[in-house]
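**Student:** I would like to see how this sequence folds:
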Amino acid sequence: MQELIELAKLASVGIIAGVFSAALAIRRYRHEKWWEMRAAAYRDAIETLSDLHNYFQHNYSNWQNSDASEGMPPEKWRQTQEKIRRLSDTGAFLFSKKAENSLRRFRDEEFKWKPEHDPDNYYGFYIRTSKLCLDELVAISRRDLKVREPWL
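**Tutor:** This next block holds a predicted model:
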């Protein structure tokens, strides 16, 4: 009878340890998956803003050199605009509030601003706003995606 009690004690300790380690493993897995989703959303937003910034810098340098035939296709501009809109709408649950506000502010400023006939103002505005949003997003992502060493 004594052996049966000892066996029951060992079994209960094993079950408790197994449940505890499984709970920790599931918690870690969920944390890692959430971090990976956030990192992918930040990466997509930064790449899109970088593409948009590069697009306007390229067109501005072509305009300065009076080489309009070398401009990047406007389809790329429309694609990046659409991607920024999607990221600012759907990425709201993945981004921090500051990152979401930065993307929305960039999108709102861009749609409110009406270009004048002076390409310096047109390209300068987009170069400045896209660079500002890009720099903000990079700084925010570094802070938000910093790997912490939690105990659990």
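**Student:** what's the distance between Phe95 and Arg104?
**Tutor:** Relative to Arg104, Phe95 is positioned 10 Å away (criterion: CB to CB, to the nearest Å). Yep, even glycine has a C-beta here, placed from its N, CA and C like the rest.
**Student:** Quick one: the helices in the protein, in order.
**Tutor:** 2-64, 74-90, 97-112, 119-144 (DSSP state H).
**Student:** what angle do the third one and helix 2-64 make?
**Tutor:** For the pair helix 97-112 and helix 2-64, the angle between their directions (axes from the mean of the first three to the mean of the last three CA atoms, to 10 degrees) equals 30 degrees.
**Student:** Just the residues contacting helix 97-112, thanks.
**Tutor:** 42, 45, 49, 81, 84-85, 87-88, 91-92, 95, 126, 129-130, 132-133, 136-137, 140-141, 144 (CB atoms under 8 Å, 6 or more residues apart in numbering).
**Student:** ok, and the closest non-adjacent residue to the residue most central in space within the chain?
**Tutor:** The residue lying closest to the centre of the chain (CA atoms, centre = their mean) is Tyr42, at 1.3 Å. Spatial nearest neighbour of Tyr42, excluding adjacent residues (CB to CB, 6 or more residues apart in numbering): Ser141 at 4.1 Å.
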